[in-house]
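Participant: Quick one, fold the following:
(chains A, B, C and D)
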There are 4 protein chains.
Amino acid sequence: MTTWEYSSITPDDLAIDTLGPARITSPLAPLLDARRTTEHYVDAGDRVLLDDTAAGLKSRGVDVEELPGLEPCGPRREIYFDPSKTRAGIVTCGGLCPGLNDVIAGLVRTLTYHYGVRRVVGFRNGYRGFISSYGHDVVELSPESVRDIPVDGGTFLGTSRGPQDPGEIVDCLEQMHLNVLFVIGGDGTMRGAMEIARVVAERGLRIAIVGIPKTIDNDIPFIDQSFGFQTAFSQASEAIRSVTVEAKSTPGGVGLVKLMGRHSGFIACYASLVRSDADAVLIPEVPFELDGETGLLHHLRRRVSQRGHAVVVVAEGAGQELLPPVGRTDASGNAKLADIGPWLKERIGDSFAEAGMETTVRYVDPSYIIRSVPANPYDSVYTVRLSQAAVHAAMSGRTSMVVGRVRRRFVHIPMTLAVSRRNQVDPHGDLWMAVLESTGQPWRFGEDSGAPTRAPHS
Amino acid sequence: MTTWEYSSITPDDLAIDTLGPARITSPLAPLLDARRTTEHYVDAGDRVLLDDTAAGLKSRGVDVEELPGLEPCGPRREIYFDPSKTRAGIVTCGGLCPGLNDVIAGLVRTLTYHYGVRRVVGFRNGYRGFISSYGHDVVELSPESVRDIPVDGGTFLGTSRGPQDPGEIVDCLEQMHLNVLFVIGGDGTMRGAMEIARVVAERGLRIAIVGIPKTIDNDIPFIDQSFGFQTAFSQASEAIRSVTVEAKSTPGGVGLVKLMGRHSGFIACYASLVRSDADAVLIPEVPFELDGETGLLHHLRRRVSQRGHAVVVVAEGAGQELLPPVGRTDASGNAKLADIGPWLKERIGDSFAEAGMETTVRYVDPSYIIRSVPANPYDSVYTVRLSQAAVHAAMSGRTSMVVGRVRRRFVHIPMTLAVSRRNQVDPHGDLWMAVLESTGQPWRFGEDSGAPTRAPHS
Amino acid sequence: MTTWEYSSITPDDLAIDTLGPARITSPLAPLLDARRTTEHYVDAGDRVLLDDTAAGLKSRGVDVEELPGLEPCGPRREIYFDPSKTRAGIVTCGGLCPGLNDVIAGLVRTLTYHYGVRRVVGFRNGYRGFISSYGHDVVELSPESVRDIPVDGGTFLGTSRGPQDPGEIVDCLEQMHLNVLFVIGGDGTMRGAMEIARVVAERGLRIAIVGIPKTIDNDIPFIDQSFGFQTAFSQASEAIRSVTVEAKSTPGGVGLVKLMGRHSGFIACYASLVRSDADAVLIPEVPFELDGETGLLHHLRRRVSQRGHAVVVVAEGAGQELLPPVGRTDASGNAKLADIGPWLKERIGDSFAEAGMETTVRYVDPSYIIRSVPANPYDSVYTVRLSQAAVHAAMSGRTSMVVGRVRRRFVHIPMTLAVSRRNQVDPHGDLWMAVLESTGQPWRFGEDSGAPTRAPHS
Amino acid sequence: MTTWEYSSITPDDLAIDTLGPARITSPLAPLLDARRTTEHYVDAGDRVLLDDTAAGLKSRGVDVEELPGLEPCGPRREIYFDPSKTRAGIVTCGGLCPGLNDVIAGLVRTLTYHYGVRRVVGFRNGYRGFISSYGHDVVELSPESVRDIPVDGGTFLGTSRGPQDPGEIVDCLEQMHLNVLFVIGGDGTMRGAMEIARVVAERGLRIAIVGIPKTIDNDIPFIDQSFGFQTAFSQASEAIRSVTVEAKSTPGGVGLVKLMGRHSGFIACYASLVRSDADAVLIPEVPFELDGETGLLHHLRRRVSQRGHAVVVVAEGAGQELLPPVGRTDASGNAKLADIGPWLKERIGDSFAEAGMETTVRYVDPSYIIRSVPANPYDSVYTVRLSQAAVHAAMSGRTSMVVGRVRRRFVHIPMTLAVSRRNQVDPHGDLWMAVLESTGQPWRFGEDSGAPTRAPHS
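Facilitator: The predicted model follows:
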């Protein structure tokens, strides 16, 4: 990433000057202490290594072979597939996410221009596209045919939820003489891809299965940020702005936005930080209580009293423990969530009514509007680079893996690992801390934080 | 950053499946080999460590004390300054960059809401604001007064270039009983801040000098991306789109855009990747030749023949070796660059004329339009977090340092180190590779790459 | 508006050349004839007068005194109020609409800079702001305090629905010694303003009551376009784009957007024309049937069969005759509408299920997101000019009137007239015709149009 | 346009109430009087007719046959060309303007879907596309091939300046058996089209020549607003915002923007009204002086003294009388203008230097960036309707005419009339008045207006 050398830098070069010993207890201490963890936010001995590459560490005498490390993405001099005879396929599965068309276009361009692959096909409507009973035609893809597709959101190839029989899928791959399959989708899709790779291996075939992980919730483990996430939270911040305007324009107005985030509240956190308009952010990682002196409802009523309005941002997966369970799953196998939005709207309205306070609650659920926008410039660049990485991996014969960016380097991650965990907002980390600072809400509604009740932010 | 544990993951968990040994030479080999480096892009033994924290490495037996590591940002339980008695100042220096007002607002909010600091002042027009002969008043800052400033680009406090006498600046700090000074600016500004810190130390004062590094060129060493950079390259991509439209609409049209980048071509590279419209990207890190079979001009004439138009993106610092030197410096002490834009416009026009080809060259220099836009949502969030980090550092008594994000963690960096090097595009790295793939240009104009001349990108 | 003279132009100058007599029946004839009106779209003798000014007609010998004409807006040399002693008030009522803050800012600036009026106050939360029992303070307004408010949507002053006692309002005006009151609101608000003006007259007071009519539905009679309308339909077109992306990405996808338009379908019509993505547009002015060969549902099923997806745009007031009546009114006195959106979503889903066709209906109701955005540049300019017009009118002593633009000239309209009618989409006019051409839908669903069923639009 | 009847409204219904006679001289009187015209802005007897239709006037007894009236656009029951045998061509000429691709797409869609025309071709690069020596292929156009072109600005067909031999063009039309030619372009293009129509008539051919007038300067006579104008001034307002940010951020900063407008200052006026940031607007219609107490330079220095910065917006055609004449014409036959931008930048800089005042003048010329953007939603709808109107006209056999919107109705205008005059900003009209109010500048720099020097706007 840089052309100069780290090697000349010593730990001393990185020492930070201080004016003297820190002896005053921070006004944040009540908040920090309330986290009930001995692990304070910044551990005194913690350090971010200047050079975390294997080569860098090795040069300092560390035995890096023993350390778990991810293989970097990129072109190899020797590859596995003969490009002139390679046939590649692409499929998109699951819900929409900004950047899907960019990934498709990036794959097609890199395969064609870079490696000279002559045939690339798209399968329509997710895994269904491989199953003959659905009768979908495949789509021949060329740089020309995909040139303008990133202008629109969504996926040019269509999508669907749910698995299909892996045997039938591999039958189709065999019949079409495909050597490489790029699978773009979420957790469930990657589990499906692992099944496909398993059947491929059982049959002794030579077909690389490479995933580009898609999740608008940004919940892929290890990975810095999933593609489309920046576009999504930028768009989500517009919805927060809308309800803020509504709330401010009405006597005792309360704005309520439900955002994506089944298990991870990243969109809610980032979108709330954009203009710092929110008075409360609710995420799946941090349970909350409605009632009582330290509950959400009291917080909102106080804010409305203090500055005339209040704004709440709730991730769809937050507060599920408070709602009656739904007990069903969708076609992708995800448990159906109870709908926190309308429920919360009603509870807020009731709470103000009981307290004899006037309010109007404006509720917005912008999820279709968020997920269907085209990628912003950042995600446009990111998906180009991600799809180049995926092509390099596939051409080199790698399989059962996904590409991603870890601490700003593109790497290969085994599919098993990618689906084994979930990235979540750390309730003890600096993102949640930034949200708390921005909203002035307690670390957790319903817990006596001991923190001073500070003035609202305007 | 995550709530689950890395510790259970072994190197084996990260091993990537392959279909078999790679025995075919990549069609990219001529391009890769032409780099004339034994260091191929991806070193076979290279790994990105799964867990690069000091704690993580320590738990695996590594002696991390010996390794250079950066101190993480964040709140400390014990701090140095008593918030109720702390007075803080803010100054912005040098050229405009998206996000300046967000940083100012973020500092004021965090100081006030978070720590309860009661007085925050802004100095007007850069370092001049401290010098009595300029007669600028200081600006009292409160969360209310800065609430709406991020809506506009630029800096609310004004700015100027060039240093001022550090003794006089410290006189002013003393007179105003300031304990903390936040300095937002580039290289030259940070050198000025180091001088201020030196005088502060010489006088035995207790004033923390904390920098928030600003560079629209993204050339700060170690740091992932400087604030405003994403906004800048997004906006820059609009200018590329404009000249592409112009070039396509005119017989033999050539579009030419000059972008920021005195020493580092990041904006040019990222903006070009947004829509992949460019046929050639020229950056300071990669010298180029105009003439000859492998030169830029021949490349452009061929593209115009093949698809009717061509688009060139040039960083302002590129090709300086081709132009007559200017030999002056600006008020910030930066060497004046010769203006590559009009010069290149003329050379392209002449080259087509000599070849008897019709052309119209449309030249755009959008720099004021780029640097004056407000921060986009990403940079808005980033600057909030950066300014929170700066306040935590200052309140803990740290000084002569800047805040930044390194591999996605916010850290403290000594000012000496921050100004000691410059971040540049690695001509052997994956960003430049992505640009080459996108434009189809040779690794370096004027060098016989041996690479096959591939078809242009439609 | 122009500096050259119309007077030299004769009817002959405007005659249009033709190649010869038109003898072929247009393929549009079935559609035109189906309108069951003898009044075909273009009447052979119809003309748009080149010069419709009173002066212009007079110069051609027309006795214009007999013709109903609207008084033009603008500054008068002699005015009624002495600016240095004038006190003005501003109030905003009813639902949000883009441009409210621009109107407030424009009024304040014109009063202050232009006329030198020294005191302008804002009343909070609509007509409530005059009623002492609500306890709202008035807001002192100055060019500085309103400088940045147009950056946000909504209304800086707050708003509320419903009338208040006109006697109490006039008490408040008297007590504050106000001479001029600007009222920004819709139908109900203007009826309230007429009551205020009546009480003012009864008491023999000298207070001008001037309205700036606000309606996001664009349903003010005579007036070209109400402020905020362009911003609103532009934003609405984004919602149509969203559901189009959703519909295209899903097997058998149907997108459904409900837009504003209680009695007038202008937003639905204009927003649908932006990208021509809609397959059906439903407006209050044109009743429709769901069932049968010529009904909406059959049309949608056919479109989905033909091109895989379909998009429906419905104005909130459309199809009310098909739904069970709600029978209540809101605080503004408007009859509550039955909610066509969810009802239609269900009917479409059922219809596909009965026909054994797969579908997913994505339904979006973006109304809060639309009405809360800031004014776009056009509406920004329009509101500046409108508020200048309102100030000129008020200062000249005019009262009980609203300002507006009729055929591109700003005019005064008596309040009685402005509330006496409603502007609606003419089902025989060119706007509806353009929609029909764009969607390929019949003139009216449920009527045998005899029109050829043409292929869908790609 | 409306469904209710005007006929019941009498002049009395339109009378405006006043509080009493206006006896106080307006503070605007010096400004109004300074216009040196007896024709004050609002003539007491002036009226905007409520109903200006021929039918409406006739019903009130006016002999409308004697009055010059424009023929309304729209579909006719009987048409001239048999659609199934009609072949149509499209050509775009001259400079870029937002909406060109929308017009092309609109024409193709209306011809194909609406009338069932089977062949539509596009000519490349303006009138050159008809001339065999240039060797351009024609482009077959279908609704599919033009579906996505409005996403980009510019013209999909390419363009060029300058006339070509009308005989050769008609040869080409004959050879290709075209019946209808749509010509999109400016003044010069329409003169060329008139030549083509003349040759067509001389040869006794049956080819309709229909124009869609294009001018980003909005200088077509009679017509409300030319397509692309709203998009252009919206985009132009961004450039004003940029230099305002620059000017505010620098000590003594002056921002200068040059905008389009060879003979008409509409873009400069509208763009300046968007945020009211400008301190001076210079247009071709109003000469100005630089020097002296009432000159531009003194005005700017005063503004910088008063509020620290100043912003100037200049139309490219303004102040030509002050610069040395260039004395050449471009390929379209337009006289080359001297470049007011850099000249003014220098004069401003010199003026401040002479006065011993610090300044930095930031100059931006955003014309390529403005004219290459895609149409905004308003222009998108407008061009759809305009192209529908053009197709109806052509199919009915009309020729040598252009379509346009006059006082919000679409009409036919003879080409001779459309090129006979130019629309300009009326220095005595309300648009210029609004600009004066917004900037606080005198009616004309260099003239002693007698108007009070009012405080600047912030």
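Participant: A:Val314 pairs with what?
Facilitator: Assessed by DSSP bridges, A:Val314 has beta-bridge partners A:Lys258, A:Leu282.
Participant: Give me the neighbour count for it.
Facilitator: As a burial measure, A:Val314 scores 27 neighbours (other CB atoms under 10 Å in any protein chain shown). No exception for glycine: its C-beta is placed from N, CA and C like everyone else's.
Participant: Counting residues, name the longest helix you see in chain A.
Facilitator: In chain A, taking DSSP state H as the definition, the longest helix is helix A:229-249.
Participant: quick one, that one and helix C:229-249 angle?
Facilitator: With axes from the mean of the first three to the mean of the last three CA atoms, to 10 degrees defining the directions, helix A:229-249 sits at 140 degrees from helix C:229-249.
Participant: do helix A:229-249 and chain B meet at all?
Facilitator: Yes. Using CB under 8 Å from any CB of the partner chain, helix A:229-249 reaches chain B at A:230, A:233-234, A:237.
Participant: All the helices of chain A, residue numbers only.
Facilitator: Under DSSP H, chain A gives helices at A:29-33, A:54-59, A:100-109, A:143-146, A:166-175, A:187-202, A:229-249, A:266-275, A:296-307, A:340-354, A:367-371, A:377-395, A:415-418, A:430-439.
Participant: anything in the longest helix of chain A sitting right up against chain C?
Facilitator: Yes. Among the residues of helix A:229-249, A:238-239, A:241-243, A:245-246, A:248-249 lie within reach of chain C under CB under 8 Å from any CB.
Participant: tally of neighbours for the residue of the stretch 351-458 of chain A found nearest chain D?
Facilitator: Going by CB to the nearest CB, chain D is nearest to A:Pro374 of the stretch 351-458 of chain A, at 10.1 Å. By the criterion of other CB under 10 Å, A:Pro374 has 21 neighbours.
Participant: Enumerate the residues of the stretch 301-450 of chain A near chain C.
Facilitator: Residues of the stretch 301-450 of chain A lying close to chain C by CB under 8 Å from any CB are A:308, A:362, A:364, A:366, A:368-369, A:372-373.
Participant: do that again at 10 Å, thanks
Facilitator: Applying CB under 10 Å from any CB of the partner chain, we find that the stretch 301-450 of chain A lies next to chain C at A:308-309, A:358, A:360, A:362-374.
Participant: Please name the residues that touch the residue nearest to A:Trp432 when sequence neighbours are not counted.
Facilitator: Closest residue in space to A:Trp432, ignoring its immediate chain neighbours: A:Val425 at 5.7 Å, by CB to CB, 6 or more residues apart in numbering or on different chains. Neighbour list for A:Val425: A:218-219, A:261, A:263-266, A:268-270, A:281, A:283-286, A:315, A:431-432, A:435, B:1-3 [criterion: CB atoms under 10 Å, 6 or more residues apart in numbering or on different chains].
Participant: Nearest spatial neighbour of A:Gly319, chain-adjacent residues omitted?
Facilitator: A:Ile340 (5.2 Å).
Participant: neighbours around the one you found, how many?
Facilitator: A:Ile340, neighbours per other CB under 10 Å, totals 22.
Participant: The one 4 residues further on too?
Facilitator: Number of residues near A:Leu344 (other CB under 10 Å) recorded here: 24.
Participant: now swap in A:Ala331 and tell me
Facilitator: Around A:Ala331 there are 12 residues (other CB under 10 Å).
Participant: Next, it: phi, psi?
Facilitator: A:Ala331 adopts backbone torsions of phi -60, psi -30, taken as degrees, to the nearest 10.
Participant: That one and A:Thr159 touch, don't they?
Facilitator: No. Here A:Ala331 does not reach A:Thr159: they are 11.3 Å apart, not a contact under CB atoms under 10 Å.
Participant: Find the residues that touch each one of the two.
Facilitator: Applying CB under 10 Å, 6+ apart, one finds that A:Ala331 and A:Thr159 are jointly contacted by A:94, A:126.
Participant: Next one: A:Gly356 relative to D:Ala55, how far apart?
Facilitator: Distance from A:Gly356 to D:Ala55, counting by CB to CB, to the nearest Å: 60 Å.
Participant: pLDDT of stretch A:426-437, averaged?
Facilitator: Across stretch A:426-437, pLDDT averages out at 88.
Participant: Quick one, grab the pLDDT at A:Asp63.
Facilitator: With respect to pLDDT, A:Asp63 has a value of 80.
Participant: whoops, A:Thr416 was the one
Facilitator: 92.
Participant: Surely it and B:Asp12 touch.
Facilitator: No. A:Thr416 is beyond contact range of B:Asp12, at 11.0 Å (criterion: CB under 10 Å).
Participant: more crowded one of those two?
Facilitator: Of the pair A:Thr416 and B:Asp12, A:Thr416 is the one with more neighbours under other CB under 10 Å, namely 14 against 8.
Participant: contacting residues for the more buried one?
Facilitator: A:190-191, A:194, A:400-401, B:13, B:17.
Participant: please redo it, this time with the cut-off set to 8 Å
Facilitator: A:194, A:400, B:13 (CB atoms under 8 Å, 6 or more residues apart in numbering or on different chains).
Participant: and if you look at A:Gly341?
Facilitator: For A:Gly341, the contacting residues are A:256, A:258, A:314, A:316, A:363, A:365, by CB under 8 Å, 6+ apart.
Participant: List the ones among the residues of the stretch 301-450 of chain A next to chain C that fall in strands.
Facilitator: Residues of these located in strands (DSSP state E): A:360, A:362-364.
Participant: burial measure for A:Ala297, as a count.
Facilitator: Quick fix: residue A:297 reads Leu, not Ala. By other CB under 10 Å, neighbour count at A:Leu297 equals 20.
Participant: Look up the closest residue to it, ignoring the ones flanking it.
Facilitator: A:Ser351 (4.2 Å).
Participant: And A:Gly265, by the same measure?
Facilitator: Nearest one to A:Gly265, counting by CB to CB, 6+ apart, is A:Ile283 at 2.5 Å.
Participant: got the ones in strands among the residues of the stretch 301-450 of chain A next to chain C as TSV, with distance to D:Val151 and neighbour count columns?
Facilitator: Output for those, formatted as TSV (distance: CB to CB, whole Å; neighbours: other CB atoms under 10 Å in any protein chain shown):
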residue	distance to D:Val151	neighbour count
A:Thr360	39	18
A:Arg362	33	23
A:Tyr363	33	21
A:Val364	28	23
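Participant: Could you single out the nearest of those residues to D:Leu344?
Facilitator: A:Val364 (47.8 Å; CB to CB).
Participant: Tell me what the closest one is bridged to.
Facilitator: A:Val257.
Participant: what residues are up against it?
Facilitator: A:239, A:242-243, A:255-258, C:368-369.
Participant: Repeat that for A:His298.
Facilitator: With CB under 8 Å, 6+ apart, A:His298 has these contacts: A:291-292.
Participant: quick one: it from chain B, how far?
Facilitator: The gap separating A:His298 from chain B is 20 Å, by CB to the nearest CB, to the nearest Å.
Participant: Count residues in the vicinity of the closest residue to A:Ser264 other than its chain neighbours, would you?
Facilitator: Nearest non-adjacent residue to A:Ser264, counting by CB to CB, 6+ apart: A:Asp219, 4.0 Å away. Using other CB under 10 Å, A:Asp219 has 24 other residues around it.
Participant: What does the pLDDT read for the residue lying closest to A:Ala338 once chain neighbours are set aside?
Facilitator: Closest residue to A:Ala338 apart from its sequence neighbours, by CB to CB, 6+ apart: A:Leu323 at 3.7 Å. At A:Leu323, the predicted lDDT confidence score is 89.
Participant: Please consider this matter closed, and thank you.
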